[in-house]
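Asks: Okay, here's the prediction I keep looking at, along with the sequence it came from:
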Amino acid sequence: MNSRTFALVALFLVQLLYGLNYTFAKNVMNGNFIKPFGFVLLRVIGATALFWLMGCVFKSEKIERKDFITIFFAAVFGVGINMLLFLKGLELTSPIHASVIMTITPVIIMILSIFFLNEKLTKLKIGGILLAFCGGILLTALGKSDRVGDNVLLGNIFIFINAISYSIYVIIVKRLTAKYHPFTFIKWLFLFGLILVLPFGYTETAEVDWNSFSPYIWCSVLFVIIGATFGTYFLNPLALKSLKASTVGVFIYLQPVIAGVFAILMGADNIDSVKIMAMCLIFSGVYLVTKKPKASS
């Protein structure tokens, strides 16, 4: 298997893990087993421990002192803001809403690339950006949830800010993977992230009643920590090492499909006309943004 094929397989696995994560994480939080910030802290503690254990097995390169600043900012956007707002937002909205809004990520990456990577802005991309954001606004303004206690508007806003934060993280990590192997910096990324989320999640983690967990809840928690945190953050930088950041962003298309099907099968969500319309607008927008312009003859 060549490096590009491996990277594409890794990307698919990342989206599969993220897609299943929406339902597992929401069931744990909405069942009042673990509150969002406490869940974030558990995710980061588990992943940090696993990455540092892995660091004992794989020899890593020496990191230049100045690059620790870059890793710290990657932790701010990729672990701190990203995870805290994602789980808090998911607690308040539905799995399908959250996964559809996350598909705006390639559009945000494109906008950031225009400002920071000198990407050219075309009429096609402007149209795509407007379509995608119209879809996000539609879903945020008109989206509803059948669950009592959900606040779809606030939850969707949190997920949207999380998508912006994750997009910034992807661009920062792309620069790191161009210089280091992911095994070199990922353990430091999570160590910094652990320091960042500890003040937010300590109290909620201390309140967890571990004896109330059923086997399903234990499996859900372990999946979120090992699969949707350690697994995704392990595979994503490996994919970024061989692929463009924009290609990584496009694969997020798979998330609402996987998340939607799984959530419906598990009875955690349902599909309606607003979700379908928003999905079509966002998918069309992302398609236009990522479409390569025809070469002029």
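Replies: Okay, I see it. Worth saying up front: this structure is predicted, and the values here are computed from it rather than measured.
Asks: those helices in the stretch 101-250 of the chain, which residues are they?
Replies: 105-116, 123-142, 152-177, 182-206, 215-222, 232-242, 245-250 (DSSP state H, counting those that start in this stretch).
Asks: surely residue 231 meets residue 17?
Replies: Yes: between residue 231 and residue 17 there is a contact at 5.3 Å, judged by Cβ atoms under 8 Å. (Each C-beta comes from the backbone N, C-alpha and C, glycine too.)
Asks: pull the longest helix from this protein.
Replies: helix 3-30 (DSSP state H).
Asks: What count of nearby residues applies to residue 2?
Replies: Around residue 2 there are 8 other residues, counting by other Cβ atoms under 10 Å.
Asks: give the contact list for it.
Replies: Neighbour list for residue 2: empty [criterion: Cβ atoms under 8 Å, 6 or more residues apart in numbering].
Asks: if you set the cut-off to 10 Å instead, what comes out?
Replies: 8, 242 (Cβ atoms under 10 Å, 6 or more residues apart in numbering).
Asks: any idea how far it lies from residue 8?
Replies: Applying Cβ to Cβ, to the nearest Å, the value for residue 2 to residue 8 is 10 Å.
Asks: Overlap of the contact sets of those two?
Replies: In contact with both residue 2 and residue 8: residue 242, using Cβ under 10 Å, 6+ apart.
Asks: Just the C-alpha atoms of whichever helix or strand comes after the longest helix of the chain, please, in PDB.
Replies: Sequence order places helix 36-57 as the next helix or strand after helix 3-30, per DSSP states H and E. Only the C-alpha atoms of helix 36-57 are listed here, as PDB (Å, rounded to 0.1, in the frame of the first residue of the first chain):
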ATOM      1  CA  PRO A  36     -19.600  17.700  28.600                       C
ATOM      2  CA  PHE A  37     -16.500  19.400  30.100                       C
ATOM      3  CA  GLY A  38     -15.900  16.400  32.300                       C
ATOM      4  CA  PHE A  39     -16.100  14.200  29.300                       C
ATOM      5  CA  VAL A  40     -13.600  16.400  27.500                       C
ATOM      6  CA  LEU A  41     -11.200  16.000  30.300                       C
ATOM      7  CA  LEU A  42     -11.500  12.200  30.300                       C
ATOM      8  CA  ARG A  43     -11.000  12.200  26.500                       C
ATOM      9  CA  VAL A  44      -7.800  14.200  26.800                       C
ATOM     10  CA  ILE A  45      -6.400  12.300  29.900                       C
ATOM     11  CA  GLY A  46      -7.000   9.000  28.100                       C
ATOM     12  CA  ALA A  47      -5.500  10.100  24.800                       C
ATOM     13  CA  THR A  48      -2.500  11.900  26.500                       C
ATOM     14  CA  ALA A  49      -1.700   8.700  28.400                       C
ATOM     15  CA  LEU A  50      -1.900   6.600  25.200                       C
ATOM     16  CA  PHE A  51       0.200   9.000  23.100                       C
ATOM     17  CA  TRP A  52       3.000   9.200  25.700                       C
ATOM     18  CA  LEU A  53       3.000   5.400  26.100                       C
ATOM     19  CA  MET A  54       3.300   5.200  22.300                       C
ATOM     20  CA  GLY A  55       6.100   7.700  22.500                       C
ATOM     21  CA  CYS A  56       8.100   5.200  24.600                       C
ATOM     22  CA  VAL A  57       7.900   2.700  21.700                       C
END
